[in-house]
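Novice: What follows is a predicted structure for the sequence shown.
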Amino acid sequence: MRTLLLCAALFCAAPVAPDRSESLADAYVEAVEALNAAHAKKPKAKNEAELRERLPKKARTALENLLELQSGDALEGSLARCARAALDVDGVEDFGRCRERLAQLDAKQAAELGAALSRERVLLLGEGGLDEDYLAHFAEVFEGVLAAYDEVFGFAEYSKVPGKKLRVRVHLEEEITRPPHFAPQYPWHSEIDFPVIDAERLRSPTADGKFLFYGLCHELGHVVAMWGSRTNEEDHHAWAHYTGVAIVEHLAGSKAPPAWLADCKDARWRSLTAERERLKDTAPGGTSRDAVLARLFALHDEVGPRAIGDAIDALDEEDERLRVNRVRYYTFDELEGALVDGTKNKKQRARIAALFE
Ligand SMILES: [Zn+2]
């Protein structure tokens, strides 16, 4: 009898009507995905504000209707999905509206979404309790580092997809178990994963000796260029170390140092000068990390970092080098070619070529 009742209950249960919030969220999230996918394939919009304007009216209306819904079993989840999708087009305002509405229903889920702050070249995401104030502080550091990259190397492209801002996901941890890293898996933008242990401001090195500031400078080097292929790391992980120490040292030598630099003292341990000294007896080459580093330092002295930046830009303009998940991969052969092409001085051409033998 019990079995019969159970079967009857299963048979008779009214079909669950799809929650309206879910179909509204689908409409919005899928439109954002389609927009980003089309842009990644063929970037047309100059920036994300322009991209956002291309979001179909139907998708915007879906979001408005979702925000007005009073109830629904899946409403919280739908709001969270739309909040995240909004950030995929740098829509911090829509993110904020979704989060605010979610907070009325479920404060914990809203807090889990974290905070977001958008600046001209970067979208910062704060998790684990980091708020917009923290992100504003972090943005100063990040923009200072980017400005230093501009001054030293002058790379034209940072994000792997033109027009898409960089993302930095800053998360507060009890302890740092994984250093900052470039996360290449995101399909539409370049993102750096950045753990911190101090919710007040960025202090580096940390008490337990983690060079977070150098780490940030280093990871931007990876964002700009990867070397070899997915299976063959041609630079033996030297490139990002080179750009990282070059930027740390450049900032440490600022004539008018920004206030935040007082908390970022990595240059004492991580600098071009210290590395140069360590490698003074290492011959430039391509077979080990130190040999590649010595080669990069020798190029730095021979042509200057600006010419290295120009060579990378020239390769980007041709856009024929390898891309893996849209991340730009270069080879030293290509760099040599671009550097040689970058100078008319015959003797210097020969000296450049010698560093790649
Ligand atoms: Zn690295």
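Specialist: In hand now; what should we look at? Everything numeric in this text was worked out from a predicted model, so none of it was measured.
Novice: following the lowest-mean-pLDDT helix or strand in the chain, which helix or strand comes up?
Specialist: Lowest on mean pLDDT, DSSP states H and E among the helices and strands of the chain sits helix 2-12, with a mean of 48. Heading C-terminal from helix 2-12, the first helix or strand you meet, by DSSP states H and E, is helix 20-41.
Novice: those helices in the stretch 151-300 of the chain, which residues are they?
Specialist: Here the stretch 151-300 of the chain has its helices, by DSSP state H, counting those that start in this stretch, at 212-224, 239-252, 272-278, 289-302.
Novice: Read off the pLDDT value for the spatially most central residue of the chain.
Specialist: The C-alpha lying nearest the average C-alpha coordinate of the chain belongs to Glu191 (C-alpha atoms, centre = their mean; 2.2 Å). pLDDT for Glu191: 96.
Novice: thought it was touching Val170?
Specialist: No. At 11.1 Å, Glu191 does not count as touching Val170 under the criterion of C-beta atoms under 8 Å. For every residue, glycine as well, the C-beta is placed using N, CA and C.
Novice: residue contacts, Met260?
Specialist: To be clear, residue 260 is Trp; Met isn't right here. 137, 140-141, 144, 201-202 (C-beta atoms under 8 Å, 6 or more residues apart in numbering).
Novice: Now list the buried members of the residues you listed.
Specialist: 137, 140-141, 144, 202 (16 or more other C-beta atoms under 10 Å).
Novice: What distance do you get for Asp319 to Tyr330?
Specialist: Distance from Asp319 to Tyr330, counting by C-beta to C-beta, to the nearest Å: 12 Å.
Novice: wait, I meant Ala283
Specialist: 22 Å.
Novice: Pick out whichever of the two has more residues nearby.
Specialist: For Ala283 versus Tyr330, neighbours defined as other C-beta atoms under 10 Å are more numerous around Tyr330 (22 against 10).
Novice: Which strand residues bridge the more buried one?
Specialist: On the basis of DSSP bridges, Tyr330 is bridged to Trp227.
Novice: mind listing what the closest residue to Gly91 other than its chain neighbours touches?
Specialist: Spatial nearest neighbour of Gly91, excluding adjacent residues (C-beta to C-beta, 6 or more residues apart in numbering): Arg52 at 5.8 Å. The contact partners of Arg52, by C-beta under 8 Å, 6+ apart, come to 89-91.
Novice: same check, this time on His218
Specialist: 180, 240-241, 243-244.
Novice: Closest one of the residues you listed to Gly129?
Specialist: Using C-beta to C-beta, Pro180 comes nearest to Gly129 of the contacts of His218, at 18.4 Å.
Novice: who touches that closest one in this structure?
Specialist: 192-195, 212, 215-216, 218-219.
Novice: at 7 Å what do you get?
Specialist: Going by C-beta atoms under 7 Å, 6 or more residues apart in numbering, Pro180 touches 192-195, 212, 215-216, 219.
Novice: Once you drop chain neighbours, what's closest to it?
Specialist: Gly215 (3.9 Å).
Novice: and the residue nearest to His171 when sequence neighbours are not counted, backbone torsions?
Specialist: Of all residues not flanking His171 in the chain, Glu127 sits nearest, at 4.2 Å (C-beta to C-beta, 6+ apart). In terms of degrees, to the nearest 10, the main-chain angles of Glu127 are phi -130, psi 160.
Novice: if I look at Glu127, how far off is Val196?
Specialist: 10 Å.
Novice: What of Lys280?
Specialist: 35 Å.
Novice: for Tyr214, same thing?
Specialist: Distance from Tyr214 to Val196, by C-beta to C-beta: 14 Å.
Novice: Then Asp235?
Specialist: 27 Å.
Novice: and if you look at Trp239?
Specialist: Applying C-beta to C-beta to Trp239 and Val196 gives a distance of 25 Å.
Novice: ok, now Gly342?
Specialist: Relative to Val196, and taking C-beta to C-beta, Gly342 is found at 39 Å.
Novice: swap in Asp281?
Specialist: Counting by C-beta to C-beta, the gap from Asp281 to Val196 is 37 Å.
Novice: Got the domain ranges for this structure?
Specialist: 20-113, 132-355 (automatic domain parsing).
Novice: how about these, which one is nearest Arg121?
Specialist: domain 132-355 (6.0 Å).
Novice: Would you pull up how far the closest one lies from the middle of the chain?
Specialist: 13 Å (C-alpha atoms, centre = their mean, to the nearest Å).
Novice: on that earlier part again, columns distance to Glu336 on top of the helices of the stretch 151-300 of the chain, output as TSV?
Specialist: As requested, the helices of the stretch 151-300 of the chain are arranged in TSV below (distance: least, C-beta to C-beta, whole Å):
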stretch	distance to Glu336
helix 212-224	18
helix 239-252	14
helix 272-278	22
helix 289-302	9
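Novice: Rebuild those as a markdown table, extending it with mean pLDDT.
Specialist: Formatted as a markdown table, the helices of the stretch 151-300 of the chain follow (pLDDT from 0 to 100):
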| stretch | mean pLDDT |
| --- | --- |
| helix 212-224 | 97 |
| helix 239-252 | 98 |
| helix 272-278 | 96 |
| helix 289-302 | 98 |
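Novice: which stretch among those helices comes nearest Leu24?
Specialist: helix 212-224 (34.9 Å).
Novice: Nearest to Arg119 among the domains of the chain would be which one?
Specialist: domain 132-355 (5.1 Å).
Novice: got the end-to-end distance for that closest one?
Specialist: Distance across domain 132-355, first residue to last, is 47 Å (C-alpha to C-alpha, to the nearest Å).
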